[in-house]
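In: Build me a model:
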Amino acid sequence: MMRWIYWLGWMSFGAAYRTLFGLRIIGEENLIKEGAVMVASNHQSFLDPPLIGNLYRDEMYFLARKTLFVGLGKWVYTKWKAIPVDQERPDMASLKTIIKLLQRGERVLVFPEGVRSPTGDIGKAQPGIGLMVAKAGVLVQPVRIRGAFEALPIGSGRIRFSRITVTIGPAIDFSKEGLTKSKEDYQVIADRIMKEIAAL
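Out: Residues are numbered from 1 along each chain as shown. Alright, predicted model coming up:
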């Protein structure tokens, strides 16, 4: 049942992105399709999670605001493999969940900025993504979204028909960079990830 609900959403969103927004994907050859990987993307819109999910032919996990897990939303987001996070009072629970998922070989989508961009521009990464990468020891797949902000900006309830482009960069392997598991290095990792995303 869970897989059926996930794939119904996957097909519906995929068709909408291609038809309504002329979705263009660049660098698809860079996708890490097997094994554990953290997919790290800039965050422009509510459209982003299913947009990134459509890059893959199998399932992935992602973080979603805790306030969305109410009523029918709780049922739907759970089936879509969303992990609730409290943006008002962030704690280690969601980070630990992601680390465990990555350590068991899953694919997880994370937005390093933590929140949607109010302007569409790339913001500063939070150190939490650096902590997760250091603890899980997995590859990071940088992805950049363009056009989603114009299609559905923060605070808007109306979708605009804007061309959306997703660019996928080569994976980053931090295990070869000699970084330690210190708080300072967590921010170094986070900043490097955002730099790679911005360069796409």
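In: List the buried residues for the longest strand along the chain?
Out: In terms of residue count, the longest strand belonging to the chain (DSSP state E) is strand 139-146. For strand 139-146, a neighbour-count test (16 or more other CB atoms under 10 Å) marks 139-146 as buried. For the C-beta atoms, the positions are set from N, CA and C on the backbone; glycine is no exception.
In: now the closest residue to residue 111 other than its chain neighbours: how far from residue 113?
Out: Nearest residue to residue 111, sequence neighbours excluded (CB to CB, 6 or more residues apart in numbering): residue 43, at 3.8 Å. Distance of residue 43 to residue 113, computed by CB to CB, to the nearest Å: 5 Å.
In: I'd like the distance from residue 146 to residue 58, if you could.
Out: From residue 146 to residue 58 the distance is 25 Å (CB to CB).
In: ok, now residue 84?
Out: Relative to residue 58, and taking CB to CB, residue 84 is found at 22 Å.
In: Who has more neighbours out of those two?
Out: Taking neighbours as other CB atoms under 10 Å, residue 84 and residue 58 compare with residue 84 leading, 17 against 12.
In: surely that one meets residue 70?
Out: No - if you go by CB atoms under 8 Å, residue 84 and residue 70 don't touch, sitting 10.4 Å apart.
In: Alright, calling it a day.
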